[in-house]
Structure formats: C-alpha cells, structure tokens
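1. Next comes the sequence, and after it the predicted model I'd like to discuss.
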Amino acid sequence: MRKFVVSGVTLCLAAQLATAQIKLPSPSPGATVIQTVGTTDLTVNYSRPSLKGRQPFTDAFVPSGKVWRTGANAATAFTTSTDLTVNGQTLPAGTYAILSIPAQDNWTLIFSKNKGVTEQSYKQDEDALRVSLKPTTTSEKTETFTIGFSDVTDSTAKMNFLWGNVKASADLAVDVNKYAAANVDKAVTEKPDDPAVLQAAASYNLSRGRNLDQALTWIDKSIAGQENFRNLFVKSQILGRMGKFADALPIAQKALALGQSSNDPIFAFFKEGIEKSIAEYTAKLPAAPAKGKGKRKA
C-alpha cells in the first residue's frame, strides 16, 4: 500500500511539473543546427536520442524499414529560406518535418508538409519530397543521434545523419547566383544613393561578370557620393574587364595614390592588388613610339 502511495505522489508531482512547464533534463535533448549555403539559411530543430548500449535500426530499437521521425520527441523540423535541390530534386522554400525510412542498403528521406507528423499519423500524400540515400558504415560509433552539414561551398552542402555506425547523406544545392543577384538588386532599390551599397553591388556584378554596364553606372554613382580608393579600384577593374585599359589605368593609379595618403589600415590588403592591376593595364596598352624614332620626311 505504501508503494502505491509513493507512486501516486510521484505521478502527481510529475504532472504538476509538466503543468508548470518547468524545464527539466531530457533523455533526448533538443538541438538546433543552422547552416548558411551561399545566401540560403538552413535550420534543423530536432531531439537527439542516445544509444545507451542499444543498436539502432533493429526490430528492438528504431526498426529498420519503417517510418521514423528522425529524432525523438516532437517532429524534426527543417527550414530552408529559399528553394533548393535535394539529390537533384527541388524542395521549395519553407518549413517541413523530416522523416526517414532507414534500411540496411537504402534510406528514404522524406520532407513532409505536415509539420506535426508522427510515425503513426504519417501519410505519403503529405510528402513535399522524398529521396533515396545510400547509407555507409563508419568506423567510429556516434553515441548520440546527430544531424549536421559538411562539405559546404557557396552553393552546395551535404546534410548528414549519423547514429551508431551508420551514416546517410543528402546532397543539397542552391542557385546562389539567382538569389545573390536578387539581393543585390533589392539592396540598390532600397538604398539607391548609398555609396557603400552601390560599391558592393558593382563589386558583385564584377565578380560574376554580370551586366558590367550596370556595374559601371553603380560605381560611378558611388564615387560621386564618396570617392575613395576602394570604389576607384572597383571602377578600374570593371573597365579592365571591359577591355578599356587606357581608361582603367589612370583610375587605378588614382586609387593607389588615394590609398597611400588615406592612413586607412585596410589599404594594406588592397595595395598589392592595385599595383598588379596597374602593371597589367600598362602591359596591355600599345607602346608609345620612342622620341626621334618617327618616320623620316622624304
């Protein structure tokens, strides 16, 4: 009888703590992973169960071949700020629940439009996307279930799922040029007279070889607003990319002179690049005829 009373008290205490929403340790603590790929922000919110001597993807623990919430507690949430591709297939911008069907030779990764989905409530017709992953065996055991990103570039990344001696990865890709260009155009529209914004926008176009005439207009406006060695150097580079070396040379020389007299510590990082540009433009100009070497009169 006493044991029953103690158990009843324990249950009541647990219920009161839950009602009061007191934060207590969890056997599967929550985690948030944030990764930027180019201009796209990716976020994963999930709970991380641990093995504690168990073997995952067996009939006894996280069964193989059955839908799994790919974490613990609530549904695992995945958010992408822009459209992206997962293993070459398009996933629109938004928030999804991640589920998976792990198996020995193949994993099915599922992005569900039902953000509160569970294994029991899962319906395939609510899928936004499902792709196949090839699992591999790792030499090092991962005790606590982990979702992470690796091999990150400005347009690609791998999203990895690791637990026990199993690793499954999805290839992610974004159209960085499309979204970066849109961000550049939006920034110029919002701050059309800001010299720094105009310089950054012109620099982006220059780096991508995109609409150099537009870049030249932007950098001229930046220089008119606040001339400095940075925007002059950008202008000289744009002109050089356009093949206008005779116009680029004096502007690069002016950028060098302004930088040397500016006492700006940042100039040290630009100096070598400006000097190389001056040498390049000079080399590409036609040599001037030497004095006294002109054509003799008959």
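-> Received the coordinates, thanks. Numbering: from 1, shown residues only.
2. So what touches stretch 227-241?
-> With contact meaning C-beta atoms under 8 Å, 6 or more residues apart in numbering, stretch 227-241 is reached by 195, 198-199, 202-203, 206, 209, 212, 215-216, 219-220, 222-223, 245, 247-249, 251-252, 254-256, 258-259, 262, 264, 267, 270, 273-274, 277, 280-281. The C-beta positions use only the backbone N, C-alpha and C, and glycine is treated the same way.
3. For the nearest residue to S121 once chain neighbours are set aside, list the residues it contacts.
-> Spatial nearest neighbour of S121, excluding adjacent residues (C-beta to C-beta, 6 or more residues apart in numbering): N114 at 7.2 Å. Shown in contact with N114 (C-beta under 8 Å, 6+ apart): A97, S121, Y122, K123, E126.
4. Tell me if I am right that N114 is in a helix.
-> No - going by DSSP: H, G, I helix; E, B strand; the rest coil, the assignment for N114 is coil, not a helix.
5. What is the subsequent helix or strand relative to the strand ranked longest in the chain?
-> The strand that spans the most residues within the chain, counting by DSSP state E, is strand 156-173. The helix or strand immediately downstream of strand 156-173 is helix 176-190, counting by DSSP states H and E.
6. In CSV, list the C-alpha atoms belonging to that next one.
-> In CSV, the C-alpha atoms belonging to helix 176-190 read as follows (Å, rounded to 0.1, in the frame of the first residue of the first chain):
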residue,chain,number,x,y,z
VAL,A,176,23.4,31.1,-55.4
ASN,A,177,23.7,33.4,-58.4
LYS,A,178,19.9,33.8,-58.7
TYR,A,179,19.4,34.7,-55.1
ALA,A,180,22.5,36.8,-54.6
ALA,A,181,21.6,38.8,-57.8
ALA,A,182,18.1,39.3,-56.4
ASN,A,183,19.5,40.5,-53.1
VAL,A,184,21.9,42.9,-54.8
ASP,A,185,19.1,44.4,-56.9
LYS,A,186,16.8,44.7,-53.9
ALA,A,187,19.6,46.5,-51.8
VAL,A,188,20.1,49.0,-54.6
THR,A,189,16.4,49.6,-54.9
GLU,A,190,16.1,50.2,-51.2
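7. ok so, going back, need the phi and psi values for the residue nearest to S121.
-> phi -90, psi 100 (degrees, to the nearest 10).
8. Now do K23: how many residues are near it, please.
-> Residues contacting K23 under the criterion other C-beta atoms under 10 Å number 6.
9. For it, give me the pLDDT.
-> On the pLDDT scale, K23 is placed at 71.
10. do the same with G294
-> In this model, G294 is scored at 52, pLDDT.
11. ok, K113 - contacts?
-> By C-beta under 8 Å, 6+ apart, the contact set of K113 is Y96, E126, D127, A128.
12. Could you give me the buried positions within stretch 246-253?
-> If you call a residue buried by 16 or more other C-beta atoms under 10 Å, then stretch 246-253 has these buried ones: A248, L249, I251, A252, Q253.
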